[in-house]
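Sequence first, predicted coordinates after that:
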Amino acid sequence: MEEQILFSEKQYFRQWWLWLILIFLNGIALYKLVSQTNKDNLIPIVIQTILTILFLILRLETQIKSDGIYVRFFPFHLQFKHYTWNSLSKLFVRSYSPIGEYGGWGIRGIRKNRAFNISGNEGLQLEFLDHKKLLIGTMKSELIVDVLTQVGQLKR
């Protein structure tokens with residue numbers, strides 16, 4: 001039986017400055033393609049196009065269900081990763097510095113302290129019984145707190 005979704009959020013890379021950079025780079029690539037017949041320019045253009053498409057489809061999806069937290073960073077995670085309530089020692093929402101703590105946005109961090117984030121500076125902090133940590137970025141922190149309180153899973 002499928003668990004009922006109590007919370008759902010999808011985030012995309014939609015920062016204006018990122019798209020300004022990508023549009024600028026695509027404009028340069030297109031100009032080089034049109035103005036030159038040199039085939040050596042084709043590889044950078046293909047790479048730039050793939051990078052742009054990747055940023056269009058990248059998304060962070062978070063769900064809270066009665067049996068735990070589900071998260072995936074598509075297209076790197078095709079299936080949701082499921083974290084059960086029993087695997088967590090702490091669970092809370094906090095502010096953080098994406099660049100200062102994790103070096104930016106995306107799938108970040110090393111073995112014991114990881115982050116999945118796309119924008120903003122608030123996240124759902126998961127701390128596991130094996131002392132690993134995962135921060136999941138969110139733009140809906142107040143709603144997450146409400147849902148976790150409702151299901152009795154806010155763990156500090």
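Structure received. Numbers count the residues shown, from 1 in each chain.

so where's this protein uncertain?
Confidence mapping of the chain against pLDDT under 70 gives the ranges 1, 15-19, 37-41, 155-156.

let's go with 80 and repeat that
Scanning the chain for pLDDT under 80 picks out the ranges 1-3, 13-19, 21-23, 26-45, 152-156.

In it, what residue spans correspond to strands?
Secondary structure of the chain (DSSP state E): strands at 5-12, 59-65, 68-74, 81-84, 88-95, 106-110, 113-117, 122-128, 133-137.

tell me which residues in the first one are buried?
Applying a neighbour-count criterion of 16 or more other Cβ atoms under 10 Å, the buried positions in strand 5-12 are Leu6, Phe7, Glu9, Gln11. Yep, even glycine has a C-beta here, placed from its N, CA and C like the rest.

Then the fifth one?
Along strand 88-95, the positions that meet the burial threshold by neighbour count (16+ other Cβ under 10 Å) are Leu88, Leu91, Val93.

And those, which is closest to Arg59?
Minimum distance to Arg59 across the buried residues of strand 88-95 is 20.4 Å, recorded for Val93 (Cβ to Cβ).

you'd agree the closest one is up against Ile136?
No. Look at Val93 against Ile136 with Cβ atoms under 8 Å: they stay out of range, at 9.8 Å.

Can you check which residues contact both of these two?
Any residue near both Val93 and Ile136 by Cβ atoms under 8 Å, 6 or more residues apart in numbering counts here, and that gives Gly123, Leu124.

how about Gly106, what does it touch?
Contacts for Gly106 (Cβ under 8 Å, 6+ apart) come out as Phe73, Phe116, Asn117, Ile118.

shouldn't Leu25 be in contact with Ile45?
No. If you go by Cβ under 8 Å, Leu25 and Ile45 don't touch, sitting 10.0 Å apart.

buried sites along the helix ranked longest in the chain?
Secondary structure of the chain read by DSSP state H shows that its longest helix is helix 16-35. The neighbour-count check on helix 16-35 (16+ other Cβ under 10 Å) flags Leu22, Ala29 as buried.

All set, thanks.
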